[in-house]
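Asker: Predicted model, plus sequence, below.
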Amino acid sequence: MLAVSNQNKVIRLPLIRDGELLITKEDVRKLIALHPHVSVIDELYSIKRWLESNPRRCKTKNGTLKFIHRWLDKLPIEVRSNADAFIGFICYHDGNEVKGVERIELPDLSYATSAYLTSRGFMDVSIADWMLQPLITTINWNSLVGGRCLLFSAPQIYHFEFRGAVQLYDEESGEFQAEVVKIVMRCIPKNVVLGKICVGEQGKPSVEYETIYMQISIEGRKYLEIDKLARIFLIDGKDYSSVENVASSSDEQNEA
């Protein structure tokens, strides 16, 4: 990613008659307000490269401004949704880097229904047990070759740590900033997909894990911790591991 300059001028776009259109931080803020799900800075640099590669297609100042809006409006949905996306991540197992991880699908926090709670007699058990459905994490691998998928599919507990960075646009400073995300998990394999064998195509193997411990921290601040064995359930430091704590939290919200 290209960082925004500290100066007020962000980028220069060529015009039809050897001039340049200066895009400032204020212009970027306005574009982000109109196109909130687009990585505006990245697209402006893409527009600059396209105009420089197609000088005969350059326009006047007003024409270039209209061209920018048309460009952003016509972006496909998958590109629009890439704003504030991960710019990289590394997977570790027991402190050692794991190669070949293509994608990690984090578990959903699915809460049990009231009928399920009643049938379990929920007043006597921990929320981490009766409130949350199984936490399923899926790791998708690049290939079956190298045995990485198989190495992490044996019926045992694995300790994974995922470290990555998300790039965010700060409207106040007019700059992109990266926030560090750290996810720690202890998992047990639940389902192994060995993938397919097809000429010219990836096998796309994956392993589905039952997650028994998960901790998510952003910029060093712990936002989520769940330990199903130790009956721990914390969200932003607040304890939801017992019925009493949930009732207390509800009372505090009602008073507020």
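Answerer: Structure's in. What do you need? Residues are numbered from 1 along each chain as shown.
Asker: residues in contact with Trp141?
Answerer: Counting by CB atoms under 8 Å, 6 or more residues apart in numbering, Trp141 touches 100-102, 148-149, 204-207. For glycine as for every other residue, the C-beta is placed from the backbone atoms N, C-alpha and C.
Asker: Look up how far Gly100 lies from Leu151.
Answerer: Distance of Leu151 to Gly100, given as CB to CB, to the nearest Å: 10 Å.
Asker: The two: which is more packed in?
Answerer: A direct count of neighbours by other CB atoms under 10 Å for Leu151 and Gly100 places Gly100 higher, at 19 against 13.
Asker: Against Arg57, how distant is that one?
Answerer: Applying CB to CB to Gly100 and Arg57 gives a distance of 42 Å.
Asker: Check Tyr213 too.
Answerer: 55 Å.
Asker: for the chain, what's the longest strand?
Answerer: strand 175-193 (DSSP state E).
Asker: So for that one, mean pLDDT?
Answerer: Strand 175-193 comes out with an average pLDDT of 89.
Asker: circling back to that earlier point, more crowded one of Tyr213 and Arg57?
Answerer: Tyr213 (18 against 10).
Asker: Can you show me the strands along the protein?
Answerer: 9-14, 20-24, 86-93, 96-98, 101-105, 136-141, 158-170, 175-193, 206-218, 221-227, 232-235, 238-239.
Asker: Serialize those strands to TSV and add fields for distance to Tyr111.
Answerer: Output for the strands of the chain, formatted as TSV (distance: least, CB to CB, whole Å):
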stretch	distance to Tyr111
strand 9-14	44
strand 20-24	46
strand 86-93	27
strand 96-98	31
strand 101-105	19
strand 136-141	15
strand 158-170	24
strand 175-193	20
strand 206-218	15
strand 221-227	12
strand 232-235	11
strand 238-239	16
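Asker: now the stretch 101-250 of the chain, which segments are flagged as low pLDDT?
Answerer: Scanning the stretch 101-250 of the chain with the threshold set as pLDDT under 70 gives 112-131, 146-147, 169-176, 242-250.
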